[in-house]
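> Okay, sequence plus prediction incoming.
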Amino acid sequence: MKSRIWLLALCIWIPFLLLASHWITASRAQLQILFQFKINAVMQGASFQAERLDWADAPSALAGAFHAAENDPDIAFLHLADARGNTVYSFQTEKFQALLAGFMAKTVLYEDTNGYVIVKQPIIQTDQMRGNLIAGFTRQRLQAETDRQRWRAYLYILLFSALLAVLGLIFARYVSEPVTSAAETITHYQKEGERIYVRLPEDGGGELGRLARAFNRLADATDQRLEDSIRYQNYLEAFFALSPMPIIITDTIGNVEKANRSACALFELNMEGMLKSHLENLLGPANFNAIKNHINESGENIRGYVGVITMPDGVQKIVEVHLSLLFNAQRALKNFIISLINVTDSMRTQQEILAERVQSNEARRVKEPEYGVPEYALKLEKLAQVSYKVAQCQSVVQLLDKFVIEGRDLIDAAESRVYLWEKQKRHMLPAKAAPEQKIKLLHPLVESSGIVWKTFQDNRPYHWSSESLQERDYRDLGL
């Protein structure tokens, strides 16, 4: 325990040391920036003073203009020369003749060398070059301030290290020993079965006593939660195993992690083969890609996706897929839970019913030609085609497209509307319209006396004449 305390202290001390080092570097950079700002300000002020004075007639005025610069402790020398190189004004240039001559021989405006920063500022007046102002700045005060900041950081590091050492000793003395005693007590207990059979003696009122009472409460609560969790897990396992509905659990890329016997029977695979399968192989690439695209685009569960799957022997089955997204505690996607309903027989039954209707109406057309039955038979044929197209839809969007287009053509209507009932908001939301631009004229419908709501409420078709429509009905239908 003590070694871990000192390891923790070291883990605290190292980031503090890195932070102090960063602070030293940042302080040095900040001082350098301030020094550069000062250079720019001094040069701009001095050049402004030089521009507004007549160099030939007022040499004493130049000395007065540069008086503030001469008293600046960071300025080592000043040199003002006209456009022909003749010296107009100089300050302390005697000590720096070699440094100044070397700088003037170059065509640079800035040079940092030997602890000095030399800057040249051209003096321009009315677009004419009058000369150059050269200033030398010393880094002595900057270096002294940098050293002070560094020693200050060293002092903080030393004080923090001493404080951390004292706290480590105190913590090891007053916390480590009670925890060590508690750990020795816990070693006399064992965990057996599905419960935590560990309880600490609650004698004493010190740290160890409080720790024992807190631990015992935690153990009691954990035992209860374990018992409830195991019971619920058994319920879920039994439901999963005995459910007649095929259920598959996969990871986020589609690898099967778990499946029940009904799923094995649906795909005609044994359990070992199911657990080695991938969702793309089970549902087919087209269905798998459609489901994956829906999840990537919407991030929502899938309800009632209908697709065709092919068995190993080539037999095709029509299944209705329901997929739920399972997230972990961090709200990251963890698994897919997929349930499937084999609707092959029901789809075949629907097709047989439609075929019987077509045959019945064909027979009626032969027996009763005087009633214009050929037109009805043609519509029944179109109805069968629409039903087949609807059965092939693989998403709600495709289904709505079929309803709004094929339904309009089926009854020779000029326009059509499709509304979807939203139970939570208790209104009907316009989903599709033909022509498509009519959707902009529609709005959600709440409960009212209008014909659209009445049709939905009674759940039966109506044929309304234009004379029976009210102003509200025209507005609801976007007419």
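Received it, and whenever you're ready, just let me know what you need.

> Which parts of the protein belong to which domain?
The chain breaks down into these domains under automatic domain parsing: 2-145, 197-242, 243-342, 414-479.

> Save those as TSV, and put in distance to residue 390, mean neighbour count and mean pLDDT too.
Placement of C-beta: from N, CA and C, glycine included. Output for those, formatted as TSV (distance: least, C-beta to C-beta, whole Å; neighbours: other C-beta atoms under 10 Å; pLDDT from 0 to 100):
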stretch	distance to residue 390	mean neighbour count	mean pLDDT
domain 2-145	65	14	75
domain 197-242	33	13	74
domain 243-342	10	15	88
domain 414-479	13	13	82
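
> And the strands in the stretch 1-150 of the chain?
Applying DSSP state E, counting those that start in this stretch to the stretch 1-150 of the chain gives strands spanning 75-82, 87-91, 110-113, 116-125, 128-138.

> Next: the stretch 351-479 of the chain.
Counting by DSSP E, counting those that start in this stretch, one finds strands in the stretch 351-479 of the chain at the ranges 416-422, 427-434.

> Could you dump these into JSON lines with distance to residue 302 added?
Shown next, in JSON lines, are the strands of the stretch 351-479 of the chain (distance: least, C-beta to C-beta, whole Å):
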{"stretch": "strand 416-422", "distance to residue 302": "17"}
{"stretch": "strand 427-434", "distance to residue 302": "18"}
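
> Pretty sure residue 240 sits against residue 247.
Yes. Using C-beta atoms under 8 Å as the test, residue 240 is close enough to residue 247 to be in contact (6.2 Å).

> what residues are shared contacts of the two?
Common contact partners of residue 240 and residue 247 (C-beta atoms under 8 Å, 6 or more residues apart in numbering): residue 260.

> what comes into contact with stretch 152-163?
Under C-beta under 8 Å, 6+ apart, the answer for stretch 152-163 is 13, 16, 17, 20, 21, 23, 24, 27.

> repeat that with 7 Å
Residues outside stretch 152-163 that contact it (C-beta atoms under 7 Å, 6 or more residues apart in numbering) are 13, 16, 17, 20, 23, 24.

> Just the ones in helices from those residues, please.
Among the contacts of stretch 152-163, DSSP state H puts 13, 16, 17, 20, 23, 24 in helices.

> what sits against the second one?
This points to residue 16. Each residue near residue 16 by C-beta under 7 Å, 6+ apart is listed here: residue 160.

> which residues touch the closest residue to residue 79 other than its chain neighbours?
Nearest-residue entry for residue 79: residue 134, 4.4 Å, with adjacent residues in sequence omitted and distances by C-beta to C-beta, 6 or more residues apart in numbering. Contacts for residue 134 (C-beta under 7 Å, 6+ apart) come out as 79, 100, 103, 118, 120.

> just residue 462 next, same as before
So residue 462 contacts 451, 455 (C-beta under 7 Å, 6+ apart).

> can you tell me how far it sits from residue 468?
10 Å (C-beta to C-beta, to the nearest Å).

> Likewise for residue 478?
Distance of residue 478 to residue 468, computed by C-beta to C-beta: 18 Å.

> cool, residue 258 as well?
Note on residue 258: its distance to residue 468, by C-beta to C-beta, is 58 Å.

> Could you do residue 300 as well?
Counting by C-beta to C-beta, the gap from residue 300 to residue 468 is 40 Å.

> got it, and residue 213?
78 Å.

> next one: residue 88
103 Å.

> for residue 119, same thing?
92 Å.

> so where does the closest residue to residue 391 other than its chain neighbours fall, helix or strand?
Counting by C-beta to C-beta, 6+ apart, residue 391 lies nearest to residue 347, which is 5.8 Å off, once chain neighbours are set aside. Using DSSP states H and E, residue 347 sits in helix 344-367.

> That helix - what's its average pLDDT?
Averaging pLDDT along helix 344-367 yields 69.

> One more: stretch 390-405?
Here the average pLDDT along stretch 390-405 is 79.

> Just the buried residues of it, please?
Buried residues in stretch 390-405, defined by neighbour count with 16 or more other C-beta atoms under 10 Å: 390, 391, 393, 394, 395, 399, 401, 402, 403, 404, 405.

> ok now it, how far from the chain's centre?
With C-alpha atoms, centre = their mean, to the nearest Å as the basis, stretch 390-405 stands 33 Å off its chain's centre.

> export it as PDB, just CAs?
This file holds the C-alpha atoms of stretch 390-405, laid out as PDB (Å, rounded to 0.1, in the frame of the first residue of the first chain):
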ATOM      1  CA  VAL A 390     -46.100  -3.700 -53.000                       C
ATOM      2  CA  ALA A 391     -45.000  -7.200 -51.900                       C
ATOM      3  CA  GLN A 392     -41.600  -6.500 -53.500                       C
ATOM      4  CA  CYS A 393     -41.000  -3.200 -51.500                       C
ATOM      5  CA  GLN A 394     -38.100  -3.400 -49.200                       C
ATOM      6  CA  SER A 395     -38.600  -0.200 -47.200                       C
ATOM      7  CA  VAL A 396     -41.400   2.100 -46.000                       C
ATOM      8  CA  VAL A 397     -40.200   4.800 -48.500                       C
ATOM      9  CA  GLN A 398     -40.700   2.400 -51.400                       C
ATOM     10  CA  LEU A 399     -44.100   1.300 -50.000                       C
ATOM     11  CA  LEU A 400     -45.300   4.900 -49.800                       C
ATOM     12  CA  ASP A 401     -44.100   5.600 -53.400                       C
ATOM     13  CA  LYS A 402     -46.100   2.600 -54.600                       C
ATOM     14  CA  PHE A 403     -49.200   3.700 -52.700                       C
ATOM     15  CA  VAL A 404     -49.200   7.300 -54.000                       C
ATOM     16  CA  ILE A 405     -48.300   6.600 -57.600                       C
END
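
> Centre of the chain to stretch 431-445, how far?
33 Å.

> List of residues touching that stretch?
Residues from elsewhere that reach stretch 431-445 (C-beta under 7 Å, 6+ apart): 400-401, 404-405, 408, 415-420, 427-430, 452-453, 476, 478.

> What is the burial count for the closest residue to residue 317 other than its chain neighbours?
Leaving aside its sequence neighbours, residue 317 sits nearest to residue 344 (C-beta to C-beta, 6+ apart; 4.8 Å). Per other C-beta atoms under 10 Å, the neighbour tally for residue 344 reads 15.

> does residue 344 really touch residue 315, like I thought?
No. Using C-beta atoms under 7 Å, residue 344 is not in contact with residue 315; the gap is 9.2 Å.

> Now for the two: what residues contact both?
The contact sets of residue 344 and residue 315 do not overlap (C-beta under 7 Å, 6+ apart).

> Just give me the closest of the buried residues of stretch 390-405 to residue 355.
Nearest to residue 355 among the buried residues of stretch 390-405 is residue 391, at 13.2 Å by C-beta to C-beta.

> how far away is that closest one from residue 349?
Using C-beta to C-beta, residue 391 is found at 12 Å from residue 349.
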